[in-house]
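Undergrad: here is a sequence together with a model predicted from it:
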Amino acid sequence: MRELSAEQKNKITSLLEQMTIEEKIGQLNQISPSIVGGFDVSFEELIEMMTDGRISKEEFGRIMAGARQDYHDDVNRAGGLSSVLSSDPEVCNQLQKIAVEETRLGIPLIFGFDVIHGFRTVVPIALAEAGTFEPELMEKSARIAAKESRASGISWHFSPMVDISRDARWGRISEGPGEDPYLASVFARAKVRGQQGDDRDPSGYVASCLKHYVAYGACESGRDYNTVSMAKSMLHNAYLPPFKAAVEEGAATVMASFNDLNGVPCTMNEYTLRTVLREKYGFDGFVVSDANAIKECIIHGYAQDEADAAEKALNAGMDMDMGTWIYSHQLKKAVEEGRVPMERLDDAVRRILQVKMWLSLFDKPYVTEEEIHRYDVLPQEHLDHALEAAEKSIVLLKNEKGLLPLKKDQKISLIGALAAEKEEVLGSWAMSGRASDCVTIQQGLMNAGADFSYYPCCTPESEIDEKETDAAIAAGDILVAVVGEYASMSGEASSRADIILPGKQRELLEKLVASGKPVVALLMNGRPLALPWESEHIPAIVECWHLGIQMGNAVARVLFGEVNPGGKLTCTFPSASGQCPMYYNAPKTGRPGSRSKFTSRYLDVPSAPLYPFGFGLSYTTFEYGDLAVEQTADTLAVSVTLKNTGDVAGSEVVQLYMHDVAASLVRPAKELKGFRKVTLEPGESRKVTVALPKEQMGFYDDDMEYHLEDGAFILYMGGNSRDCLSETVTVKF
Ligand code: GLC
């Protein structure tokens, strides 16, 4: 976030001096519209009724269509609102008009929305896009989303979500950049640059919101919202790095997470909100709670009541209250009674006003008709970017006997309902995406001129249509099955205890394989899946994730070899749910898992993952050689010779890992410390060097002290976290 001018700072100081305590507290209040009328139960009850099937989604939609949304205009007019969740530009302008023209001080509202992986131009889910290992591409996705959403009145994205997640059971793994702190930090920086970087033109930037702060992805047993306990050293070495990186990049806001951390809810956790975020990281933006989270601290058993919750949250460093009205109802009394110091209230208000000022909301509070319709038809540049992001996010997991790429004249049976369901390509958290912009895999094959017929056969929740399956088997020379999860099976409140293919999709694949015809599995999913049978019996498996609006075209271009896949996994694929949490950067233990009995292993499944972090094949092959390490005073230059030993051009992500052999805390067996993505022609060799600054070879202890300890380090270079060349060096810091 750029430094404000002296004039801007003075304006904020002047506003603060004029504000009544009610107006100050109003600046800490963020709301969603209340849904009123059309039904005689509470909105939350209505959601429950749909969730548990008492009413259908269609019925819910009909009820909502008849309901009215109350935006609390009177509260707004009295200066009691600061921010509203909305993506409707007409609504934004209406509410803004009240705030700017009818309140005493005319302080504009800031409109926030969940723009997680695109606004209209929906790109791959973060778990996929981070696997491109291309920060410029990640940045461009965020820049496009900023422009498209700003034209709708949204100037604050509740993203990037940078929760490290090591447990595939957790549905929200889909929303973030995976299990590795280094890659997640690269992703976080790129997103903040994309959202905030173009901050000279109010149509081109938005405020970032780093979430969910912090360690939400470590929820016990992968169950969303569940409790989190971990050593502070683990917090600093694994879960905080992407937040630290994004704060250094200038992120304007942070959203606290629902979970309690070592017994204290993150919504009112003084250690994380003040000691770490403000004092250690120097964060000068504002913090917003997650939805309803201040009230939920009572349920956590940490706040006695709403008065206590308001006092604890504000004093801990929570600036803005999302959705509970507790600050509005409780803070005035807390300040009058001295339980909340006025200067803490002023600090929170100042930070919020600074972000609004930096966003140019005082100068340009409204969106114009031209802006509102600017992206009714998406620019070709945005479509091209969505296609590129989708293609580069695809991970080739298996390709026996070079079954792929396919030939256009092969007679294909395309199988699986997911292949034709438009909005499923959007993945979780893409409410602003439009079905009319979505290209399904079926449509993508049509666009590619493929010779195929389509058979739904089975959804992730249905029985198998036997007749249709028999027809599909009879019709095609090759059977291409699209299997996986509905978008709603990952994302918030979507943990799965058993991460196998849902429904009868495994049985469907067994039928296809039993036919003796070659089978290709295209996975559409929002988390790693446990695919032990599939990985053994299916000759070609492509991880296609939920790739956004250009999914169908990207998959078709990879399927027919117009694009050589180069994506890598950002998260470990276990072979069984019982292995979760499973991640590559774990300590070795004293008995690393192996085939011998008395080691860290299971009796019933292998110790190794099905597919490791960083893994991804290509239509060509690569050979690594000549690992060399050169030390200078402050850097290790680690290089390999990479050769394209196949017969097509391809890209490879050369990954550098490190292991600190002996340290004052046990360290992970491997830690990603750098990467280079290179494209080589057939037969081409290239020396690839990754520089590792020595200051990045350390770790934090429980007291947040950073240790660089002399000794032996093993350096690894390879195309994934398992298959690497290595060299041991001694380093003195
Ligand atoms: C949700 C999510 C958070 C989102 C917020 C606003 O509960 O946890 O990621 O930004 O509410 O929609």
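TA: Nice, thanks for sending it over.
Undergrad: who's in contact with the residue nearest in space to the middle of the chain?
TA: With the centre of the chain defined as its mean C-alpha position, the nearest residue by CA atoms, centre = their mean is Gly176, 2.2 Å away. Residues counted as contacts of Gly176 (CB atoms under 8 Å, 6 or more residues apart in numbering) are Ala126, Leu127, Pro160, Met161, Val162, Asp163, Ile164, Ser165, Ala184, Gly217. Quick note: C-beta positions are derived from backbone N, CA and C, even for glycine.
Undergrad: quick check, the third one in contact with Ala188.
TA: Yes: with contact taken as CB atoms under 8 Å, Pro160 and Ala188 are classed as touching, separated by 5.7 Å.
Undergrad: give me the common contacts of those two.
TA: Pro177, Leu210, Ala246.
Undergrad: and of those, the nearest to Gln69?
TA: Top of the list for closeness to Gln69, among these and by CB to CB, is Leu210 at 28.7 Å.
Undergrad: sec struct for the closest one, please.
TA: Judged by DSSP: H, G, I helix; E, B strand; the rest coil, the three-state class of Leu210 is strand.
Undergrad: tell me the mean pLDDT for stretch 531-541?
TA: On average, the pLDDT along stretch 531-541 is 98.
Undergrad: any idea how far Arg62 is from Leu725?
TA: Distance, Arg62 to Leu725, by CB to CB, to the nearest Å: 61 Å.
Undergrad: run a quick neighbour tally on the closest residue to the ligand within the stretch 51-200 of the chain.
TA: Using CB to the nearest ligand atom, the closest approach of the stretch 51-200 of the chain to the ligand is made by Phe158 at 3.4 Å. By the measure other CB atoms under 10 Å, the count of residues near Phe158 is 25.
Undergrad: then Glu279?
TA: Residues lying near Glu279 (other CB under 10 Å) number 10.
Undergrad: so it lies in a helix, does it not?
TA: Yes: applying three-state DSSP, one finds Glu279 inside a helix.
Undergrad: give the pairing partners of the worst-scoring helix or strand of the chain on mean pLDDT; include direction for each.
TA: Sorting the helices and strands of the chain by mean pLDDT, DSSP states H and E puts strand 34-36 at the bottom, at a mean of 74. In the sheet, strand 34-36 lines up against strand 68-70 (antiparallel) (DSSP bridges).
Undergrad: what does the protein put close to the ligand?
TA: Within reach of the ligand by CB under 6 Å from any ligand atom, the chain has these residues: Asp114, Phe158, Lys211, Asp290, Ala291, Glu492.
Undergrad: was I right about the third one contacting His157?
TA: No: with the criterion set as CB under 8 Å, Lys211 and His157 do not qualify as a contacting pair; they are 10.0 Å apart.
Undergrad: give me the pLDDT for the residue nearest to Ser428 when sequence neighbours are not counted.
TA: Of all residues not flanking Ser428 in the chain, Gly491 sits nearest, at 2.6 Å (CB to CB, 6 or more residues apart in numbering). Looking at Gly491, its pLDDT stands at 97.
Undergrad: could you do Pro460 as well?
TA: Looking at Pro460, its pLDDT is 98.
Undergrad: do the one 5 residues further on as well
TA: Predicted confidence (pLDDT) for Asp465: 98.
Undergrad: repeat for the one 3 residues further on
TA: Confidence at Glu468, expressed as pLDDT, is 98.
Undergrad: sec struct for it, please.
TA: On the three-state scheme (three-state DSSP), Glu468 is labelled helix.
Undergrad: can you tell me how far it is from Leu680?
TA: Relative to Leu680, and taking CB to CB, Glu468 is found at 43 Å.
Undergrad: tell me which of the two has more neighbours.
TA: Leu680 (20 against 14).
Undergrad: quick one: the helices in the stretch 601-733 of the chain?
TA: For the stretch 601-733 of the chain, helices defined by DSSP state H, counting those that start in this stretch do not occur.
Undergrad: now the helices for the stretch 101-250 of the chain?
TA: Counting by DSSP H, counting those that start in this stretch, the stretch 101-250 of the chain has helices at residues 126-129, 135-150, 181-196, 232-234, 241-248.
Undergrad: pLDDT weak spots in the stretch 601-733 of the chain?
TA: Judged against pLDDT under 70, the stretch 601-733 of the chain has no low-scoring part.
Undergrad: pick out the residue in it sitting closest to the ligand.
TA: Closest point on the stretch 601-733 of the chain to the ligand, by CB to the nearest ligand atom, is Phe613, at 24.3 Å.
Undergrad: list the contacts of that residue.
TA: 178-180, 569-572, 583-585, 672, 720-721.
Undergrad: now the closest residue to Met1 other than its chain neighbours: how far from the ligand?
TA: Nearest residue to Met1, sequence neighbours excluded (CB to CB, 6+ apart): Ala252, at 4.5 Å. Separation of Ala252 from the ligand (CB to the nearest ligand atom, to the nearest Å) stands at 15 Å.
Undergrad: what's around Glu461, how many residues?
TA: Count around Glu461 with other CB under 10 Å applied: 12.
Undergrad: find the closest residue to the ligand in the stretch 501-650 of the chain.
TA: The ligand sits closest to Gly526 of the stretch 501-650 of the chain, with a gap of 14.7 Å, by CB to the nearest ligand atom.
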